[in-house]
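*Asks:* A structural model of the following input is requested.
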Amino acid sequence: MIVTVTLNAALGVVYQTPRLTPGAVNEVTGVRYLAAGRGIGVAKVLHTFGHEVIAAGLAGGAAGEMIRADLSRAAIPADFTSIGRESRRVVEIRDEAGGLRTRLGEPGPYITTEELGRFAADYRRLLAGATAVVLCGSLPAGMPTEIYGTLATYAAEAGVPAIIDAAGPALRYGAARRPALVVLEAADGLAPARLVANGAGAAALLADHEIRAVTAEGQWRAWLPSAAQSGWSREALVAGLVPGVLLAWSWQDRLRHAVALGAASNGGGAVDLTAYERLMASVRAEPPDGGRAGPPGVVSAEPAASVRAGPPDGGPAEPPDGLPG
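*Replies:* Residues are numbered from 1 along each chain as shown. Reported below is the predicted structural model:
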């Protein structure tokens, strides 16, 4: 079982309007409520590909209940620690006429010391049955910046590989506690090699439609040619890196899978599997010496019980809805 952790979970509220006119009353023709937050998005993608996954983290109030309800409708098990304050909302207004999307994000709730303690106990309980943990996203108010480091330490003590997708001090603290992999963007201003030297097993640097993996043994690079580029979902890309950690795929296979998966999703956890298969043939990968990589293709490693290569029923996934994680 893969455990994803979203400490700053959100309720995505999507309003559809024929035309958005600022400063006026606008008619809403449709509304959707979706569980959101980076770790939740990762859980949705993993579930689409047939992985056994459970979404954990912090959730409170009516928004928290709606987050749990959306995951339940998607048949994704959830084990969120309850908090006293309302979980944040991310409102997206979709203008049908102009094709524009306007997003409004609320600040996260304040987390008390007592709530953090209850979450830590819940997290350690989940580690007993976990094959990997994925720690994702921003931190709510009141959360210590070293929290990902603490959670990575608990995982290491339980013999569970940890993957951290964060930024800034939270990522630096986490990398020092020997996670299997850390994920960062160039804009974070952190040096991947330094994070590896400080304790991370590997670092994946994201930039446009390219991933550069840095390990103690060398560097690998994978990207999509400009003609094949499409949307990009960080949640899907991170989800694509998880099975490689569990099954020890080659770095070329890990990165090809992750790049194709990230480009085949527009966010919100939905994946276009037809696009994924097409993009796998377009991803280019370089081995550490810069020589010619093997021919691109769908990863052929035999999946374990909780790591499968297709959706649960073998059919197509829903098309991406574009809601940010």
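*Asks:* now do Thr113 against Leu171, distance only.
*Replies:* For Thr113, the distance to Leu171 (Cβ to Cβ, to the nearest Å) stands at 23 Å. C-beta coordinates here come from the backbone N, C-alpha and C atoms, glycine included.
*Asks:* give me the more crowded residue out of these two.
*Replies:* Set side by side, Thr113 and Leu171 give different neighbour counts by other Cβ atoms under 10 Å, the larger being at Leu171 (25 against 9).
*Asks:* quick one: contacts for that one?
*Replies:* 148, 164, 182, 184, 188, 190, 195 (Cβ atoms under 8 Å, 6 or more residues apart in numbering).
*Asks:* buried subset of these?
*Replies:* 148, 164, 182, 184, 188, 190, 195 (16 or more other Cβ atoms under 10 Å).
*Asks:* before we move on, back to that, and of the contacts of Leu171, the nearest to Ile76?
*Replies:* For these, the closest approach to Ile76 (Cβ to Cβ) belongs to Ile164, at 21.1 Å.
*Asks:* the closest one should be in a helix, yeah?
*Replies:* No - the secondary structure assignment for Ile164 gives strand rather than a helix, going by DSSP: H, G, I helix; E, B strand; the rest coil.
*Asks:* ranges for the helices of this protein?
*Replies:* Counting by DSSP state H, the chain has these helices, from start to end: 38-48, 61-73, 113-127, 147-157, 168-175, 192-197, 234-247, 251-263, 273-280.
*Asks:* wait, Cys136 touches Ala9, no?
*Replies:* No - distance between Cys136 and Ala9: 10.3 Å, which falls outside the contact criterion (Cβ atoms under 8 Å).
*Asks:* of these two, who's got more company?
*Replies:* Ala9 (32 against 28).
*Asks:* just give the closest residue to that one, not the sequence neighbours.
*Replies:* If the residues on either side of it in the chain are set aside, Ala9 comes closest to Gly37, at 4.2 Å by Cβ to Cβ, 6 or more residues apart in numbering.
*Asks:* check what pLDDT that neighbour gets.
*Replies:* Among the per-residue scores, Gly37 holds a pLDDT of 95.
*Asks:* what number of residues are in the vicinity of Pro161?
*Replies:* Counted with other Cβ under 10 Å, residues neighbouring Pro161 total 20.
*Asks:* ok, for it, nearest residue in space, not its chain neighbours?
*Replies:* Counting by Cβ to Cβ, 6+ apart, Ala180 is the residue found nearest to Pro161 once chain neighbours are left out, at 3.8 Å.
*Asks:* what about the one you found, neighbour count?
*Replies:* Neighbour count for Ala180, taken as other Cβ under 10 Å: 22.
*Asks:* hmm, it is touching Ile164, no?
*Replies:* No - in this structure, Ala180 is not within contact of Ile164 by Cβ under 8 Å, at 9.1 Å.
*Asks:* tell me who's in contact with the closest residue to Ser87 other than its chain neighbours.
*Replies:* Take Ser87 and drop its neighbours on the chain: the residue closest to it by Cβ to Cβ, 6+ apart is Ala63, 4.1 Å away. Ala63 is in contact with 10-11, 86-89, counting by Cβ under 8 Å, 6+ apart.
*Asks:* one more: Ala162?
*Replies:* Contact partners of Ala162, counting by Cβ under 8 Å, 6+ apart, are 132-135, 151-152, 155-156, 174, 177, 179-180.
*Asks:* could those go into TSV alongside pLDDT and distance to Leu126?
*Replies:* Shown next, in TSV, are those (pLDDT from 0 to 100; distance: Cβ to Cβ, whole Å):
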residue	pLDDT	distance to Leu126
Ala132	98	11
Val133	98	8
Val134	98	12
Leu135	98	12
Leu151	98	11
Ala152	98	14
Ala155	98	10
Ala156	97	15
Gly174	96	18
Arg177	96	18
Pro179	98	17
Ala180	98	17
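*Asks:* ok, these vs Leu261, which is closest?
*Replies:* If you rank these by distance to Leu261 using Cβ to Cβ, Val134 comes first, at 14.1 Å.
*Asks:* bridge partners for the closest one, pull those for me.
*Replies:* According to DSSP bridges, Thr4, Ile163 are recorded as the beta-bridge partners of Val134.
*Asks:* quick check: it touching Ile2?
*Replies:* Yes - with the criterion set as Cβ under 8 Å, Val134 and Ile2 qualify as a contacting pair; they are 6.7 Å apart.
*Asks:* so which of these two has more stuff around it?
*Replies:* Taking Val134 and Ile2 together and counting by other Cβ under 10 Å, Val134 has the greater number of neighbours (29 against 26).
*Asks:* so who does the more buried one touch?
*Replies:* By Cβ under 8 Å, 6+ apart, the residues touching Val134 are 2-5, 39, 42, 162-163, 165, 238-239, 242.
*Asks:* closest to Thr81 out of those residues?
*Replies:* Closest approach between the contacts of Val134 and Thr81, by Cβ to Cβ: Val5, at 10.3 Å.
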